[in-house]
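>>> When you get a sec, could you give me coordinates for this:
(one chain, ligands or ions: 1)
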Amino acid sequence: MTTISEGPRSVADAVAGLDIRAQAYLDGAYVDAASGETFDCVSPISGEVVAQVAACDTVDVDRAVVGARAAFESGVWSRLAPKKRKRVLQKLAGLMAEHAEELALLETVDMGKPIRDATNVDVPLATECIAWYGEAIDKVYDEIAPTGPDAHVSIVREPLGVVGAVVPWNFPLMMASWKLGPALATGNSVVLKPAEQSPLTALRLAELASEAGIPDGVLQVLPGFGETAGQALGRHPDVDMIAFTGSTEVGKLFLRYAGESNMKRTALECGGKSPHIVTRECGDLDAAATAVAWGVFYNQGEVCNAGSRLLVHEAVKDELLEKVVGVAQRIRPGDPLDPKTRMGAIVDQTQLSRVLGYIDSGKSEGAGLHLGGARVREDTGGYYVEPTIFDAVSNDMTIAREEIFGPVLSAISFSELDEAITIANDTIYGLSAGIWTDDVNVAHRAARAIRAGIVWVNTFDAGDITSPFGGFKQSGFGRDKSIHALEKFTDLKAIWIALRD
Ligand code: NAD
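Reported below is the predicted structural model:
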């Protein structure tokens with residue numbers, strides 16, 4: 001395999017050096033979909049088809065769940081001593097680190113993010129996540145209830161059984177790891193359905209998991225479409241829980257699937273329209289401008305917590321916007337395979353059209369196009385949009401209300417902090433928010449008043465595996481990352497033993 005440091009190359013070259021796995025991974029082996037159907041895996045870098053991926057449907061989901069259930073009931077993983085599960089997960093993390101270049105290249109070819117980010121962010125963070133949950137699991141204790149001398153009541157956490165993990169395409173390996181780390185560490189079997197736009201790293205990971213010692217059936221990976229494979233998993237009567245990351249619209253479907261089937265537990269990490277507030281007490285407008293730009297243009301803007309609404313105090317607005325434009329102009333879309341590229345391709349033609357449609361709506365609803373606004377690099381055959389900034393946006397415009405999931409910033413000005421907080425909360429979402437201020441009172445007041453799962457002060461998009469991530473309101477419920485993620489993959493059981501005198 002050629003290495004990343006050797007620099008740019010074509011998609012065809014990259015693919016030639018990769019051993020792409022395109023079948024489902026069931027019970028420890030790669031298999032075709034029962035129907036024999038496949039779908040095109042298109043690289044958004046150039047629009048080329050790079051693989052024919054198994055299009056799994058209800059029959060395959062059923063087979064995957066039967067295998068996962070059998071593995072769970074056998075106890076081969078679910079009843080293994082936590083320290084033994086720890087060793088296997090640590091080994092898996094080690095294998096991910098060994099195969100980091102290959103995984104990063106698969107991710108970039110598959111969904112178009114810069115190889116620089118896949119290498120420096122996605123793969124290391126996914127690896128850290130698996131290692132962290134492995135490391136954590138033999139340090140978690142159960143409880144004894146303080147009942148009284150006539151009883152011994154232990155409160156234990158037990159794995160749920162078969163977990164269906166359904167994940168999106170923007171951080172394919174990382175989102176899968178956020179589910180797999182805690183779900184596997186707690187002893188569940190997992191059926192993972194990657195997004196149809198980005199199945200390749202999940203399919204490769206399955207094999208690495210087997211190599212690390214995850215028993216057959218404990219991790220099943222099923223590529224396929226949302227409406228077929230995703231829905232079948234959501235409605236399956238023998239799936240105990242769905243751990244979902246994706247859009248709010250599809251998150252609501254999973255609630256319906258659960259209600260219409262077996263009332264499976266459902267944890268939803270959904271969309272966002274995060275406010276990024278810059279107050280007049282902000283002491284470092286350069287730092288704020290850099291954070292504002294990267295907070296919405298990183299990963300082509302395909303980030304659930306993107307700071308897509310800039311709320312800026314009218315007194316500093318012009319100066320800040322000029323600085324944001326300065327940063328944005330240096331973030332040009334380029335060849336994702338070039339290690340120098342900072343912005344890559346939009347994941348597919350559908351998403352490209354969606355983003356361009358929102359840009360049109362911004363123009364037609366009267367926002368001022370301040371920067372960008374166009375598709376670029378069309379000659380490559382790929383899907384690229386330049387960083388785009390709208391000024392004079394009001395919070396009732398479509399571009400301020402709906403999640404664009406592309407490199408589009410909407411700037412809204414305010415005159416009083418209370419007004420900024422009202423606008424910040426005037427959304428169906430509540431995933432994250434940022435505020436820049438040197439006034440500690442403003443920082444505290446805003447942080448508590450904004451309804452969001454994470455509020456950053458004088459930074460944006462900072463994260464750590466130790467810190468929980470997830471939303472308020474229609475951004476979902478349940479938390480990924482941190483020790484708290486273990487809770488949603490387990491059930492509490494009280495064991496009451498009456499004691500005789
Ligand atoms: P999506 O909701 O379209 O798809 C997500 C997953 O659901 C995919 O695997 C897809 O195949 C599946 N799916 C789609 N339709 C389905 C259906 N009818 N039934 C069952 N499954 C179905 O989302 P996307 O376009 O892949 O990703 C973008 C979305 O993900 C954005 O809204 C973004 O905010 C969100 N996201 C949230 C977080 C978070 O942690 N909150 C992180 C990343 C992405």
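>>> For residue 14, give me phi and psi.
In terms of degrees, to the nearest 10, the main-chain angles of residue 14 are phi -60, psi -40.
>>> Just give the nearest non-adjacent residue to it, would you?
Closest residue to residue 14 apart from its sequence neighbours, by C-beta to C-beta, 6 or more residues apart in numbering: residue 109 at 5.3 Å. Yep, even glycine has a C-beta here, placed from its N, CA and C like the rest.
>>> what's the answer for residue 292, then?
Looking at residue 292 with C-beta to C-beta, 6+ apart, the closest residue is residue 324, at 5.1 Å.
>>> Output the contacting helices and strands for the host helix or strand of the one you found.
Under the criterion DSSP states H and E, the helix or strand holding residue 324 is helix 317-329. With contacts defined as 3 or more C-beta pairs under 8 Å, 6 or more residues apart in numbering; DSSP states H and E, helix 317-329 has these neighbours: helix 285-297, strand 309-313, strand 368-371, strand 388-391, strand 408-414.
>>> gap between it and the chain center?
28 Å (C-alpha atoms, centre = their mean, to the nearest Å).
>>> ok, now stretch 277-295?
25 Å.
>>> tilt between the helix holding residue 324 and strand 309-313?
140 degrees (axes from the mean of the first three to the mean of the last three C-alpha atoms, to 10 degrees).
>>> packing partners for the helix or strand following helix 317-329?
Next helix or strand after helix 317-329 toward the C-terminus (DSSP H and E): helix 349-364. The contact analysis (3+ C-beta pairs under 8 Å, 6+ apart) places helix 349-364 against strand 368-371, strand 384-385, helix 398-401, strand 408-414.
>>> Swap in 10 Å and give it another go.
When contacts are defined as 3 or more C-beta pairs under 10 Å, 6 or more residues apart in numbering; DSSP states H and E, helix 349-364 packs onto strand 368-371, strand 375-376, strand 384-385, strand 388-391, helix 398-401, strand 408-414.
>>> so can I have CSV of the ones you listed showing distance to residue 362 and mean neighbour count?
Rendered in CSV, the data for those read as follows (distance: least, C-beta to C-beta, whole Å; neighbours: other C-beta atoms under 10 Å):
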stretch, distance to residue 362, mean neighbour count
strand 368-371, 7, 16
strand 375-376, 15, 16
strand 384-385, 13, 25
strand 388-391, 5, 25
helix 398-401, 4, 20
strand 408-414, 7, 25
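>>> any chance of these in a markdown table, plus mean pLDDT and distance to the ligand?
Shown next, in a markdown table, are the helices and strands packed on helix 349-364 (pLDDT from 0 to 100; distance: least, C-beta to the nearest ligand atom, whole Å):
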| stretch | mean pLDDT | distance to the ligand |
| --- | --- | --- |
| strand 368-371 | 98 | 23 |
| strand 375-376 | 98 | 19 |
| strand 384-385 | 98 | 16 |
| strand 388-391 | 98 | 18 |
| helix 398-401 | 98 | 14 |
| strand 408-414 | 98 | 14 |
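>>> Tell me which of the helices and strands packed on helix 317-329 lies nearest to residue 57.
Closest approach to residue 57 among those is made by strand 408-414 (34.9 Å; C-beta to C-beta).
>>> before we move on, back to that, so the residue nearest to residue 14 sits against residue 18, correct?
Yes: Residue 109 lies in contact with residue 18 (C-beta atoms under 10 Å); the separation is 7.3 Å.
>>> okay, and the common contacts of those two?
Residues touching both residue 109 and residue 18 (C-beta atoms under 10 Å, 6 or more residues apart in numbering) are 50, 51, 200.
>>> Next to the ligand, which bits of the chain? Give me the list.
Along the chain, the residues adjacent to the ligand under the rule C-beta under 6 Å from any ligand atom are 166-170, 175, 193, 195-196, 226-227, 230-231, 234, 245-247, 250, 253, 269-272, 304, 403, 405, 431, 471, 475-476.
>>> Can you say which of the residues you listed are buried?
Buried members of those, counted by 16 or more other C-beta atoms under 10 Å: 166-170, 175, 193, 195-196, 226, 230-231, 234, 245-247, 250, 253, 269-272, 304, 403, 405, 431, 471, 475-476.
>>> Residue 60: which of the helices and strands packed on helix 349-364 is closest?
strand 384-385 (34.3 Å).
>>> Run the chain-centre distance for the closest one.
With C-alpha atoms, centre = their mean, you get 21 Å for strand 384-385.
>>> which outside residues touch that strand?
Against strand 384-385 from outside (C-beta under 10 Å, 6+ apart): 44-45, 112, 300-301, 332-336, 343-346, 351-352, 355-356, 359, 372-378, 406-408.
>>> If you go by neighbour count, which of these are buried?
44-45, 112, 300-301, 333-336, 343-346, 351-352, 355-356, 359, 372-373, 375, 377, 406-408.
>>> now this protein, which segments are flagged as low pLDDT?
1-8 (pLDDT under 70).
>>> host element of the residue nearest to residue 14?
Going by DSSP H and E, residue 109 is in helix 100-111.
>>> Please compute how far that helix lies from its chain's middle.
16 Å.
>>> Packing partners of that helix?
Packed next to helix 100-111, using 3+ C-beta pairs under 10 Å, 6+ apart, are helix 11-16, strand 38-42, strand 49-54, helix 82-98, helix 115-117, helix 123-136, helix 172-185, helix 200-212.
>>> tell me what the helix or strand following the third one is packed against?
Downstream of strand 49-54, the next assigned helix or strand under DSSP H and E is helix 58-74. If contacts are counted by 3+ C-beta pairs under 10 Å, 6+ apart, helix 58-74 sits against strand 24-26, strand 162-166, strand 189-193, strand 219-221, helix 231-235.
>>> Tell me the buried residues in helix 58-74?
Neighbour-count burial for helix 58-74 [16+ other C-beta under 10 Å]: 58, 60, 61, 63, 64, 65, 66, 67, 68, 69, 71, 72.
>>> That helix vs strand 162-166, what angle?
Using the same axes, to 10 degrees: helix 58-74 against strand 162-166 is 140 degrees.
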